[in-house]
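Undergrad: Give me the fold of what follows.
(one chain, ligands or ions: 1)
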Amino acid sequence: MVEQRPARGTDEQYFTADPSVPFERETFETVVWGNRLRLTSGSGVYAKGRLDLGTGVLLEEEPPAAGRVLDLGCGYGVIGLAIAKASPETTVVGVDVNERAVRLATENSKALGLADRCIFTTGAVDGEFDEIWSNPPIRIGKEALHALLLQWLPRLKPGGRAVMVVGRNLGSDPLQRWLIEQGYPTERVGSSKGFRVLETRPSG
Ligand SMILES: C[S@@+](CC[C@H](N)C(=O)[O-])C[C@H]1O[C@@H](n2cnc3c(N)ncnc32)[C@H](O)[C@@H]1O
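TA: Residues are numbered from 1 along each chain as shown. You can find the predicted model right below:
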């Protein structure tokens with residue numbers, strides 16, 4: 001598990017929250033794919049009290065129709081929960097290194113009545129996925145990000161895809177080139193508000 005303190009004054013709090021920081025919850029509402037979602041985020045968790053701008057761009061893509069979906073770096077769970085809400089045939093697994101994030105995502109899944117189809121965890125996950133959706137943790141650094149993607153992309157089923165949002169200024173184009181070099185055909189399927197949405201297919 002990577003553990004590192006983010007720069008003061010940013011909300012890039014990717015990592016295991018400092019237990020000495022009081023855990024203040026903040027609830028807000030957002031609408032995704034026509035569904036109103038009431039979500040609780042919290043201190044020490046990415047995008048406290050709001051839908052992240054890049055995540056909003058990602059959620060402009062059509063949701064998966066059915067299948068098993070991984071929400072990689074789930075935070076308080078917004079991506080996976082929006083998918084589960086929009087797509088009743090879908091099951092969601094969300095993973096994050098941040099225990100507070102996983103706790104909030106689990107609470108949110110219960111509050112939304114989606115807990116029977118959504119699991120959020122900091123632990124190991126078995127099996128393959130039809131789709132991986134992610135606003136990935138770019139700020140962990142290129143090497144760690146590449147290792148993370150090479151850990152999960154091989155878990156895509158044949159015919160599956162990963163859909164990721166990356167800021168143009170945070171290296172979306174180099175990441176796209178790197179994915180292609182690794183043998184993962186990757187196209188830009190969306191571009192808005194300084195973010196690019198990349199769609200990656202399994203190699204082979
Ligand atoms: C950009 S945030 C996105 C959070 C959330 N999905 C959203 O859209 O608001 C990236 C997330 O990745 C998580 N993360 C960082 N390193 C990780 C790793 N090695 N494995 C899984 N998640 C990780 C962070 O804790 C953070 O919650």
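Undergrad: State which strand of the protein is the longest.
TA: When secondary structure is assigned using DSSP state E, the longest strand within the chain turns out to be strand 156-167.
Undergrad: What is that one packed up against?
TA: Packed against strand 156-167, as judged by 3 or more Cβ pairs under 8 Å, 6 or more residues apart in numbering; DSSP states H and E, are the following elements: helix 53-58, strand 129-134, strand 195-200. No exception for glycine: its C-beta is placed from N, CA and C like everyone else's.
Undergrad: Quick one: name the residues of this protein near the ligand.
TA: Counting by Cβ under 6 Å from any ligand atom, the positions of the chain adjacent to the ligand are 2, 14, 46-47, 52, 55, 73-75, 78-79, 95-98, 101, 135, 137, 140, 148.
Undergrad: Among the residues you listed, which ones are in strands?
TA: When DSSP E is applied, the residues of the chain next to the ligand are split such that residue 95 fall in strands.
Undergrad: Weed out the non-buried ones from the residues of the chain next to the ligand.
TA: A residue is treated as buried here by neighbour count (16 or more other Cβ atoms under 10 Å); on that basis the buried members of the residues of the chain next to the ligand are 14, 46-47, 52, 55, 73-75, 78-79, 95-98, 101, 135, 137, 140, 148.
Undergrad: quick one: the most centrally placed residue in the chain from residue 165, how far?
TA: The central residue of the chain, meaning the one whose C-alpha is nearest the mean C-alpha position (Cα atoms, centre = their mean), is residue 134 at 3.4 Å. Here the distance between residue 134 and residue 165 works out to 8 Å (Cβ to Cβ, to the nearest Å).
Undergrad: Repeat that for residue 114.
TA: Here the distance between residue 114 and residue 165 works out to 22 Å (Cβ to Cβ).
Undergrad: Could you do residue 54 as well?
TA: Distance of residue 54 to residue 165, computed by Cβ to Cβ: 5 Å.
Undergrad: Repeat that for residue 142.
TA: The spacing between residue 142 and residue 165, counted by Cβ to Cβ, is 17 Å.
Undergrad: how about the helices in the chain?
TA: Here the chain has its helices, by DSSP state H, at 53-58, 78-86, 99-111, 142-152, 172-181.
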